[in-house]
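# return a 3D structure for these sequence lines:
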Amino acid sequence: MKRFTTILAALLLSLTVLSAHRVVSAKDTWISVRSKNFVLIGNAGEKDVRQVAIRLEQFREVFTRLFPGMKFNTPVPTTVIVFKSDSSYRPFKPNASTVGYFQPGPDVNYITLSTELKGDQDPYNVIFHEYTHLLVNSTVGNAPSWFNEGLAEYYSSFSISDDSKVILGRPIANHVYLLRESKMLALPTLFQVDHKSPYYNERDKQTIFYAQSWALIHYLIHKPGASGSIDKFLKLMDDGKPMEQAFQEAFQSTYAKMEKELGAYIRRDSYPITNATFERKISFDTELQTSSVSEAEAQAYLGDLLLHSARAESESYLQRALALDPQQSMAHASLAMLRVREGKVDEARNSLERAVLANSQNYLIHYYYAFALSREGMNEEHLISGYSQENLAKMREELKKAIALRPDFPESYSLLAFINLVDGSNLDESIAMLKKVLATSPGRNDTAFMLVRVYMRAEDFKSARQLLERLSQNQSDPEVRDEAKNMLAGIAAQEENLARYRAATEGRNSSTGGSDTTPRLRRRSGASGTEEVSGVEVDTDPLSSLQEALRLPLEGEKQIQGILLRLDCDAKGILFVIQAGDRVIKVRTSRFENIQITSFTNDAGSEINCGPRKTLNPVVVCYQPVSDPKAKYDGELRSLEFVPNEFKLKIKA
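Residues are numbered from 1 along each chain as shown. Presented below is the predicted three-dimensional model:
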């Protein structure tokens, strides 16, 4: 299945506590084989490890050749660990029946397998399935679930012989049997499945979803005259076309017509196989670079694999690596990331300083160093109000080193943009960097959302809206859709507020002969807030302009002014505690993205953190009161606006 994680979620997950395993000995003989797209580490024989490298490269090469119009890019490195036996593989399996697995990550992907096979299970089936997801997701961020899973299942049966004879489309027995016995899903139902759908998550329903998705892709690939149609479908989806329109244009068929054709194809119960022979052998043997691996380095790789799998045993392997070699840079870096997860940023910083000294040419170490520094001062909700100038300079220095060493690694650019966003500086640089990442990896939805936030910080609402409208059409991930729609609503509200504020300020400036139309607040010029101009008394109080700029409460909402005391955060949401006169008002929201937050003063800072407020700022809030008298809060928060200390809300009748 497709598994996605953002940088913050993937690197800051709480460790899963599992039963301890004994530390696997690395004393056999470990080697490293480097190919064009993979780094392999193994205690299997050199011939076996090299053969795994060749087979993975051949799969990638064949897959990309069949989509000549798409540029597949995988800038996140993939490390493959090849075990010589099932017993040496056992401590690293997610379960006893595993024969191979793919562990994706924002900084590194891991593939694991053993060359000792038991029964008729083939580890490559799982690996090819998941690697297909990696290729599609990095290239097309809007591929619908049926397409993504169907294509991954189709390519999971890939095989090659003599480095030139490729077989694709072998029938998958479980799918064939299920399709014989089960009723087909209507295509509109199949096409609406996403990551939250029962057909994607519930065992008794997902089997037919996978089987029918495979059958549809099988039919579309082998349908006469369909050459290039899948390639075209991917392009249209990547361009943001609605799925039904993209489907009809690419496959020249309506849903209803295709459903009839697919039904006939399945009932025929005969699935053709593609046999292709390439004129030139697809051989990578001469391109492989082999080297020995020390016991300390092997233990560091094993510990890092467990760290990326959120396994508690990772520390024992990393500590063993450092006991064998106190200067082992990878072990220091991985241990630092473990300390970041634990909230021990100072310890992480010490480990990374040692890692940099041990290997200054490793781009990941510089990235990890900047990442650890970016967590300093961050609360449990991963919110931060700012960085010291010293940390800002150091983070930027480390990230620029990482970029110089590996210019195509996307996370370095994303983290640098995040740092600039918090600091409110170098926004143009951030926009250019993130556009560069999306040009080579258009499927990076996390990068797209970061670009949206930078656009909003720079008040380029038009560009932010265009990108969000595209994200709101995502066909596979409802969380992406929901977040995009919430942010679109927030942009509209923010633009409306700024427009009202600017209009009110411009009107007041024109009445006083002024020309300043910038949307900022200025202190009143006198105790009464009035001045005499040409013998006529006029109101020059800019705070009255602010009154017009505030969000108007909708029907059924209440609007109050008070002092924001604290934010109480837990798994159920965020509770805002506000002192309003002699009352304490408590209003809640499930997530920050669901509310409109605006600041009309510089005193509020650039971020809102959970916990007591260091500065007690006046705020104006709109909320929907709760009807349940037993509720422990007063209402659902709709908007929160920071206002200057001297502002007094005028409640309109």
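# just the endpoints, please. Distance across stretch 570-584?
20 Å (C-alpha to C-alpha, to the nearest Å).
# so for that stretch, mean pLDDT?
The pLDDT scores in stretch 570-584 average 87.
# name the residues that touch it?
381, 560-569, 585-592, 610, 619, 621, 633, 637, 640 (C-beta atoms under 8 Å, 6 or more residues apart in numbering). From N, CA and C alone the C-beta is placed, and that goes for glycine too.
# residue 170 contacts residue 154, correct?
No. In this structure, residue 170 is not within contact of residue 154 by C-beta atoms under 8 Å, at 9.4 Å.
# list the neighbouring strands of the longest strand anywhere in the chain plus their orientation.
Ranked by number of residues, the top strand in the chain under DSSP state E is strand 558-570. Strand 558-570 has the following strand partners under DSSP bridges: strand 573-580 (antiparallel), strand 611-612 (antiparallel), strand 618-625 (antiparallel).
# next one: that strand to chain centre, how far?
In terms of C-alpha atoms, centre = their mean, to the nearest Å, the centre of strand 558-570 is found 30 Å from the chain centre.
# give the buried residues for it.
By 16 or more other C-beta atoms under 10 Å, the buried positions in strand 558-570 come out as 558, 559, 560, 561, 562, 564, 565, 567, 568, 569.
# same question for stretch 420-440.
420, 421, 422, 423, 426, 427, 430, 431, 433, 434, 437, 438.
# so the last one sits against residue 444, correct?
Yes. Contact status for residue 438 versus residue 444: in contact at 6.3 Å, counting by C-beta under 8 Å.
# turn the strands paired with strand 558-570 into JSON lines, including mean neighbour count and distance to residue 414.
Shown next, in JSON lines, are the strands paired with strand 558-570 (neighbours: other C-beta atoms under 10 Å; distance: least, C-beta to C-beta, whole Å):
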{"stretch": "strand 573-580", "mean neighbour count": "18", "distance to residue 414": "25"}
{"stretch": "strand 611-612", "mean neighbour count": "12", "distance to residue 414": "27"}
{"stretch": "strand 618-625", "mean neighbour count": "21", "distance to residue 414": "31"}
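# residue 29: which of those strands is closest?
strand 611-612 (52.9 Å; C-beta to C-beta).
# tell me the mean pLDDT for the closest one?
On average, strand 611-612 scores 85.
# name the nearest residue to residue 490, ignoring sequence neighbours.
Nearest residue to residue 490 in three dimensions, chain neighbours excluded: residue 596, at 5.6 Å (C-beta to C-beta, 6 or more residues apart in numbering).
# please apply the same query to residue 333.
residue 355 (4.4 Å).
# which secondary structure state does the one you found sit in?
helix (DSSP: H, G, I helix; E, B strand; the rest coil).
# quick revisit: identify the farthest-apart pair in the buried residues of stretch 420-440.
Distance extremes for the buried residues of stretch 420-440: the farthest pair is 423 and 438 at 22.1 Å, using C-beta to C-beta.
# might you report the residue contacts of residue 100?
Residue 100 touches 111, 112, 113, 114, 123, 124, 126, 127, counting by C-beta under 8 Å, 6+ apart.
# hang on, the second one in a helix?
Which is residue 112. No. Under the criterion used here (three-state DSSP), residue 112 is strand, not part of a helix.
# tally of neighbours for it?
23 (other C-beta atoms under 10 Å).
# how about the closest residue to it other than its chain neighbours, what does it touch?
Spatially, and ignoring its direct neighbours in sequence, residue 112 is nearest to residue 81 (4.8 Å; C-beta to C-beta, 6+ apart). For residue 81, the contact set (C-beta under 8 Å, 6+ apart) comprises 40, 41, 42, 92, 110, 111, 112, 301, 302, 305.
# any chance of TSV for those, columns distance to residue 244 and pLDDT?
TSV is the format used below for the contacts of residue 81 (distance: C-beta to C-beta, whole Å; pLDDT from 0 to 100):
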residue	distance to residue 244	pLDDT
40	43	97
41	46	97
42	47	96
92	44	95
110	37	96
111	36	96
112	40	96
301	46	97
302	48	97
305	42	97
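# ok, so of these, who is nearest residue 248?
residue 111 (37.2 Å).
# which SS state does the residue lying closest to the closest one once chain neighbours are set aside fall under?
In space, residue 111 comes closest to residue 80 once its chain neighbours are excluded; the distance is 4.4 Å by C-beta to C-beta, 6+ apart. The three-state label given to residue 80 by three-state DSSP is strand.
# show me where pLDDT drops low in the stretch 451-600 of the chain?
497-498, 500-545, 548 (pLDDT under 70).
# in the stretch 201-350 of the chain, which spans are helices?
For the stretch 201-350 of the chain, the helices defined by DSSP state H, counting those that start in this stretch occupy 203-222, 229-238, 243-251, 255-268, 295-308, 314-324, 329-341, 345-358.
# which strands and helices lie in contact with the longest one?
Using 3 or more C-beta pairs under 8 Å, 6 or more residues apart in numbering; DSSP states H and E as the contact test, the elements touching helix 203-222 are helix 145-156, helix 173-181, helix 187-191, helix 198-201, helix 229-238, helix 255-268.
# can I get those helices in a markdown table including distance to residue 333, mean neighbour count and mean pLDDT?
Output for these, formatted as a markdown table (distance: least, C-beta to C-beta, whole Å; neighbours: other C-beta atoms under 10 Å; pLDDT from 0 to 100):
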| stretch | distance to residue 333 | mean neighbour count | mean pLDDT |
| --- | --- | --- | --- |
| helix 145-156 | 32 | 24 | 94 |
| helix 173-181 | 42 | 14 | 94 |
| helix 187-191 | 43 | 18 | 94 |
| helix 198-201 | 35 | 16 | 89 |
| helix 229-238 | 35 | 19 | 85 |
| helix 255-268 | 50 | 15 | 94 |
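# which one of those helices lies nearest to residue 370?
Closest among these, once you apply C-beta to C-beta, is helix 229-238, at 30.7 Å.
# can I get that closest one as PDB, trimmed to CA atoms?
This file holds the C-alpha atoms of helix 229-238, laid out as PDB (Å, rounded to 0.1, in the frame of the first residue of the first chain):
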ATOM      1  CA  SER A 229      -2.900   6.000 -23.100                       C
ATOM      2  CA  ILE A 230      -1.700   5.400 -19.500                       C
ATOM      3  CA  ASP A 231       1.200   7.800 -20.100                       C
ATOM      4  CA  LYS A 232      -1.300  10.400 -21.200                       C
ATOM      5  CA  PHE A 233      -3.600   9.700 -18.200                       C
ATOM      6  CA  LEU A 234      -0.700  10.300 -15.800                       C
ATOM      7  CA  LYS A 235       0.100  13.600 -17.500                       C
ATOM      8  CA  LEU A 236      -3.500  14.800 -17.500                       C
ATOM      9  CA  MET A 237      -3.800  13.900 -13.800                       C
ATOM     10  CA  ASP A 238      -0.600  15.700 -13.100                       C
END
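# against residue 366, how distant is the residue nearest to residue 333?
9 Å (C-beta to C-beta, to the nearest Å).
# wait, the residue nearest to residue 111 sits on residue 37?
No. Contact criterion C-beta under 8 Å: residue 80 and residue 37 do not qualify, at 10.2 Å.
# can you give me the end-to-end span of stretch 115-132?
21 Å.
# who's in contact with it?
In contact with stretch 115-132 (C-beta under 8 Å, 6+ apart) are residues 44-45, 48, 52, 55-56, 59-60, 63, 82-86, 89, 99-102, 104, 111, 113-114, 151-153, 155-158.
# kindly report the same for stretch 189-202.
By C-beta under 8 Å, 6+ apart, stretch 189-202 touches 1-2, 144-146, 185, 205-206, 208-209, 212-213, 216, 243-244, 247, 255, 475-479.
# so how far is it from its chain's centroid?
Distance, centroid of stretch 189-202 to centroid of chain: 20 Å (C-alpha atoms, centre = their mean).
# stretch 85-105 now?
On C-alpha atoms, centre = their mean, the centre of stretch 85-105 falls 25 Å from that of its chain.
# could you do stretch 122-138 as well?
18 Å.
# and the strands paired with strand 558-570 as CSV, adding distance to residue 449?
Formatted as CSV, the strands paired with strand 558-570 follow (distance: least, C-beta to C-beta, whole Å):
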stretch, distance to residue 449
strand 573-580, 20
strand 611-612, 25
strand 618-625, 26
